[in-house]
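> Make a model of this:
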Amino acid sequence: QVQLVESGGGLVQVGDSLRLSCAASGRTFSMYYMGWFRQAPGKEREFVAAISQRSGSTRYADSVKGRFTISRDNAKNTVYLQMSNLKPEDTAVYYCAANQGLLSIVPTRYNDWGQGTQVTVSS
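Here you go, the predicted structure:
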């Protein structure tokens, strides 16, 4: 099990950039596939991006491809989500999640979740 704490959310304008961080506890962070998900009010949690244990593979939702970049620093036990050209539809609570099985876009494949950080994009 790994404990996850997200940070970096906030209120930004359309077109702005923001970087989210997710700090993980424990010494086995490098064993985990990491994902970012988001949930807007009244909507289901949706996949945003995922990264393999050693950053060799990444996956993105079509809605963020070309605008968001997921990365990780295993020495710092941290995964990042760099978001650029933000749009109002990116407004949501963003969660990071961990799993040891595979690079997945499915929320139920992830066992450990952070508490979330709010991102609001104002027009």
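> count of residues packed around Trp113?
Neighbourhood size, Trp113 [other CB atoms under 10 Å]: 18. Glycine gets a C-beta too; all of them are placed from N, C-alpha and C.
> wait, what's in contact with the closest residue to it other than its chain neighbours?
Once flanking residues are discounted, Trp113 sits nearest to Ala97: 4.9 Å by CB to CB, 6 or more residues apart in numbering. Residues near Ala97 by CB atoms under 8 Å, 6 or more residues apart in numbering: Leu4, Met34, Gly35, Trp36, Phe37, Pro107, Tyr110, Asn111, Asp112, Trp113, Gly114.
> Which two among those residues are spaced furthest apart?
Using CB to CB, the two most remote members of those are Trp36 and Asn111, lying 15.5 Å apart.
> quick one, which of these two is more surrounded?
Applying other CB under 10 Å to Trp36 and Asn111 shows that Trp36 carries more neighbours, namely 26 against 13.
> residues touching that one, list them.
Leu20, Cys22, Val48, Ala49, Ala50, Ile70, Val79, Leu81, Tyr94, Tyr95, Cys96, Ala97.
> Apply 7 Å and report the result again.
Contacts for Trp36 (CB atoms under 7 Å, 6 or more residues apart in numbering) come out as Val48, Ala49, Ile70, Leu81, Tyr94, Cys96.
> Write the PyMOL selection for whichever of those are buried.
Restricted to buried positions by 16 or more other CB atoms under 10 Å, the PyMOL selection for the contacts of Trp36 reads:
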select buried, resi 48+49+70+81+94+96
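> Among the contacts of Trp36, which one sits closest to Val119?
In terms of CB to CB, no member of the contacts of Trp36 lies closer to Val119 than Tyr94, at 5.5 Å.
> now the most centrally placed residue in the chain, nearest residue through space, not along the chain?
The chain has Trp36 as the residue nearest its centroid, 2.4 Å off, counting by CA atoms, centre = their mean. Residue nearest to Trp36 in three dimensions, not counting chain neighbours: Val48, with 4.3 Å by CB to CB, 6+ apart.
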